[in-house]
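Participant: Turn this into a structure:
(chains A and B)
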Amino acid sequence: MSDPLFKVVDLTIGWGETVVQKGATFEIERGSIFAILGSSGCGKSTMLRYLVGLERPLRGSITIDGLAPNQGIPGRPLFGVMFQSGALLGSLTVGENVALPLRAWSGLPPDAIGGIVAAKLRLVGLQRAEDQMPSELSGGMCKRAGIARAMALEPDLLFLDEPSAGLDPVSAVELDELILDLNEQLGLTFVVVTHDLESIFKIGKSCIMLDRESKSIIARGDPRVLRDTNTDPRVHSFFNRTPQAVKS
Amino acid sequence: MPPAFAIEQVQTSADQREIRIRGSLRFAEAAPLWTELRRLETSASRGQTLNFEMSAVQRIDGGAMALLACVRGELQRRGVKSEFVAADAHVQRIIHLYGGDHAVARLKRRRPLRTLDQLGRATISILHEVKLVLAFFGQMVVSALGVLRSPRSANWRELPATMERSGADALPIIILINFLVGLAMAFQTAAQLKQLGANILVADLIGISICRELGPLMTAIVVCGRSGAAFAAELGFMQVNEEIDALRTMGFGPMRYLVLPRALALIIVVPLLALLADVAGVLGGLVVGVTNLDLTARGYLSQTARVVSLWDISSGIVKSVVFAFAVALIACQQGLATSGGAEGVGRRTTSTVVITMFTLILLDAVITILFQVAGL
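Facilitator: Next up is the predicted model:
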């Protein structure tokens, strides 16, 4: 990897005596779309909470451009995060949600913030939803608004938790297209937690696969290559949608 | 450190000018970029052309592009022709991504509602809420009749726990509040009664007003604040979290499973609480009678027993049954009508308390008048 933006070394996550994943080490290249994969319950979303600094790891280190997630410019986030449901604040309009980080951290006057909000919402196809409340949006629209809010401060790195979960196929494809566009045109780096194979093969440039039983990374690389060449039955079963043989 | 970009305005013909941008435009330098763009943009007037000449832009990120697109939009809305020109392929892609090469839509400004419109909407909304509460009442009655026919179809397992939460747990606060109400009322009247030499009448006043009116009402208000708000928040969260839908898909009607046990729990515990509230209120009056009005405890209590009739107490109990039903009805209806996430739960919980308080006072007045008319 020529230019790692994100480095994880020997990461062990969990709480108390419970270990969810242990000894995870990986790097994410600048400008890539990196997928964290695995079957339900393997700790993908938990891993994301540690990567974005919401939880303190049991062991290991996480660095973004050499800085730990909570050691950046005080308070100002180093990256954007879109949560699974969008996690828009229900008491604010969609526009106000996107404006929230800009008001806090950009130092721009309200008219400039209004302009950026309109542009970001347009970018995610929500130009008409600026004055709507999150409760008036569909699941896909909430996710798009979540991406617009995550992008508000123009971060180089965006974390997306299950972007296509719960979306209809058309909305899911549109969201994939949007992620590809933002990656290719603006050079944004994406870390995507998902188990949607169609989406993984379309947008994922590299990936790691987590396993619940061994609590470790069991595969890494290009998802298409892993699908076609990996011989580990767990990996093969996941990528080819085949049931795993019952252990004797 | 000087910015990584430079902007200048060049007159290219009589009514055509260009904003020439050079260097790298980054969101980190959004503030000086915005100031500079605003300065140049205000100088253009309707009918003129003010293009953005982008050939010397080496790099632009999304935030900076958003600002440029915003300024172009402003210009076009003011009747100034404005386009991004001469951008290289990479920059052009970002311009396209941010809609910089699209026609600018006219902004539709929302007209603020006039006072009369707001009043009308609020009235319609209140009437709609009343209609929903009445419809819910109808459903409750139908469900209750169904449960009478088939008692095992309701979720009685929740009943004891709900009675404990709404009754036993509320007891200390209800006793304290009613004791203080009796105490304060007796203090307020003590001076006047002393002047008239009618000290013993404090027992009549406190006994009748607490048993007929204040005991049941104060109890219902506390139950509304505690249990009503809790019911609304609990059911509201369940609704938002799709738990109610899940129950429905599993064949449990929310009415029989959630609403009726709560309503029955309140109908059982609130009259009992009201009885204890009556005792606490009378004791509050007794303290003032003994300490301020030179009465003996025996004299105060025997006067109370003489004037407070069984009907005074039972009319308060009848009221408290109606109040309990009203609290349960409104709280459960509001909770099940919740939508829109955490904010929706908060809104419904607030409206539960407000609507129930108003309803309790209204019902109290109506029942009191009905009793008077009936000569009770």
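Participant: Let me know the secondary structure of the residue most central in space within chain A.
Facilitator: Of all residues in chain A, the one closest to the mean position by Cα atoms, centre = their mean is A:Leu160, 2.2 Å from it. State at A:Leu160, reduced to three classes by DSSP: H, G, I helix; E, B strand; the rest coil: strand.
Participant: got a list of what it touches?
Facilitator: With contact set as Cβ atoms under 8 Å, 6 or more residues apart in numbering or on different chains, A:Leu160 has these partners: A:Val81, A:Met82, A:Ile147, A:Ala150, A:Ile179, A:Phe190, A:Val191, A:Val192, A:Val193, A:Thr194. C-betas here are computed from N, CA, C, even on glycine.
Participant: Buried residues, the helix or strand hosting B:Asp245. List them.
Facilitator: Using DSSP states H and E, B:Asp245 sits within helix B:243-249. Buried residues in helix B:243-249, counted by 16 or more other Cβ atoms under 10 Å in any protein chain shown: B:Ile244, B:Leu247.
Participant: on contacts alone, who are the packing partners of whichever helix or strand comes after that helix?
Facilitator: Sequence-wise, the next helix or strand downstream of helix B:243-249 (DSSP H and E) is helix B:254. Using 3 or more Cβ pairs under 8 Å, 6 or more residues apart in numbering or on different chains; DSSP states H and E as the contact test, the elements touching helix B:254 are helix B:243-249.
Participant: how about the helix it packs on against chain A, any contact?
Facilitator: No: under the criterion of Cβ under 8 Å from any Cβ of the partner chain, chain A is not reached by helix B:243-249; the shortest gap measures 14.5 Å.
Participant: What lies in contact with that helix?
Facilitator: Helix B:243-249 is contacted from outside by B:Leu235, B:Phe237, B:Met238, B:Gly253, B:Pro254, B:Tyr257, B:Leu258, B:Leu336, using Cβ under 8 Å, 6+ apart.
Participant: Break chain A down into its domains, please.
Facilitator: The record's domain parsing of chain A by automatic domain parsing lists A:4-79+A:157-239, A:90-154.
Participant: What is the end-to-end distance of the shortest one?
Facilitator: End-to-end distance of domain A:90-154 (Cα to Cα, to the nearest Å): 23 Å.
Participant: just to revisit the earlier point, which pair in the contacts of A:Leu160 has the greatest spatial separation?
Facilitator: A:Ala150 and A:Thr194 (15.8 Å; Cβ to Cβ).
Participant: Can you name the secondary structure element that comes next after the host helix or strand of B:Val141?
Facilitator: Assigning secondary structure by DSSP H and E places B:Val141 in helix B:115-149. Next in sequence after helix B:115-149, counting helices and strands by DSSP H and E, comes helix B:158-166.
Participant: Please, where are all the strands along chain A?
Facilitator: Here chain A has its strands, by DSSP state E, at A:4-15, A:18-29, A:33-37, A:59-64, A:80-82, A:157-161, A:189-193, A:206-211, A:216-221.
Participant: Can you pull the residues of the stretch 1-150 of chain B lying near chain A?
Facilitator: Within the stretch 1-150 of chain B, the positions adjacent to chain A are B:26-27, B:30-31, B:34, B:61-63, B:65-67, B:69-71, B:73, B:93-94, B:97-99, B:110 by Cβ under 8 Å from any Cβ.
Participant: Just give the closest residue to B:Ala6, not the sequence neighbours.
Facilitator: Closest residue in space to B:Ala6, ignoring its immediate chain neighbours: B:Arg22 at 4.7 Å, by Cβ to Cβ, 6 or more residues apart in numbering or on different chains.
Participant: A strand includes that neighbour, no?
Facilitator: Yes: the assignment for B:Arg22 is a strand, going by three-state DSSP.
Participant: For chain A, list the residues in contact with chain B, please.
Facilitator: Residues of chain A found near chain B (Cβ under 8 Å from any Cβ) are A:89-91, A:106-109, A:112, A:114-116, A:118-120, A:122-123, A:131, A:133-135, A:151, A:153-154, A:181-182, A:185-186.
Participant: Emit the ChimeraX select command for whichever of the residues you listed are buried.
Facilitator: Here is the ChimeraX command that selects only those of the residues of chain A next to chain B that count as buried (16+ other Cβ under 10 Å):
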select /A:90,91,106,108,112,114,115,116,118,119,120,122,123,133,134,151,153,154,182,185,186
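Participant: Mind giving me the packing neighbours of the lengthiest helix in chain A?
Facilitator: Scanning chain A for the helix with the most residues, using DSSP state H, yields helix A:169-186. Other elements packing on helix A:169-186 under the criterion 3+ Cβ pairs under 8 Å, 6+ apart are strand A:33-37, helix A:139-150, strand A:189-193, helix A:197-203, helix B:89-97.
Participant: if you set the cut-off to 6 Å instead, what comes out?
Facilitator: For helix A:169-186, the packing partners by 3 or more Cβ pairs under 6 Å, 6 or more residues apart in numbering or on different chains; DSSP states H and E come out as helix A:197-203, helix B:89-97.
Participant: CA-only coordinates of that helix, as PDB, when you get a sec.
Facilitator: Extracted C-alpha coordinates of helix A:169-186, given in PDB (Å, rounded to 0.1, in the frame of the first residue of the first chain):
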ATOM      1  CA  PRO A 169     -32.800  -2.500  -4.800                       C
ATOM      2  CA  VAL A 170     -33.100   0.700  -6.800                       C
ATOM      3  CA  SER A 171     -32.300   2.900  -3.800                       C
ATOM      4  CA  ALA A 172     -29.400   0.500  -2.900                       C
ATOM      5  CA  VAL A 173     -27.900   0.800  -6.400                       C
ATOM      6  CA  GLU A 174     -28.300   4.600  -6.400                       C
ATOM      7  CA  LEU A 175     -26.500   4.800  -3.100                       C
ATOM      8  CA  ASP A 176     -23.700   2.600  -4.400                       C
ATOM      9  CA  GLU A 177     -23.400   4.900  -7.500                       C
ATOM     10  CA  LEU A 178     -23.300   7.900  -5.100                       C
ATOM     11  CA  ILE A 179     -20.500   6.300  -3.100                       C
ATOM     12  CA  LEU A 180     -18.600   5.500  -6.300                       C
ATOM     13  CA  ASP A 181     -19.100   9.000  -7.600                       C
ATOM     14  CA  LEU A 182     -17.800  10.600  -4.400                       C
ATOM     15  CA  ASN A 183     -14.900   8.300  -4.400                       C
ATOM     16  CA  GLU A 184     -13.900   8.800  -8.000                       C
ATOM     17  CA  GLN A 185     -14.700  12.500  -8.400                       C
ATOM     18  CA  LEU A 186     -13.700  13.900  -5.000                       C
END
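Participant: quick one: that helix to helix B:89-97, angle?
Facilitator: Taking axes from the mean of the first three to the mean of the last three Cα atoms, to 10 degrees, one finds helix A:169-186 and helix B:89-97 inclined to each other by 140 degrees.
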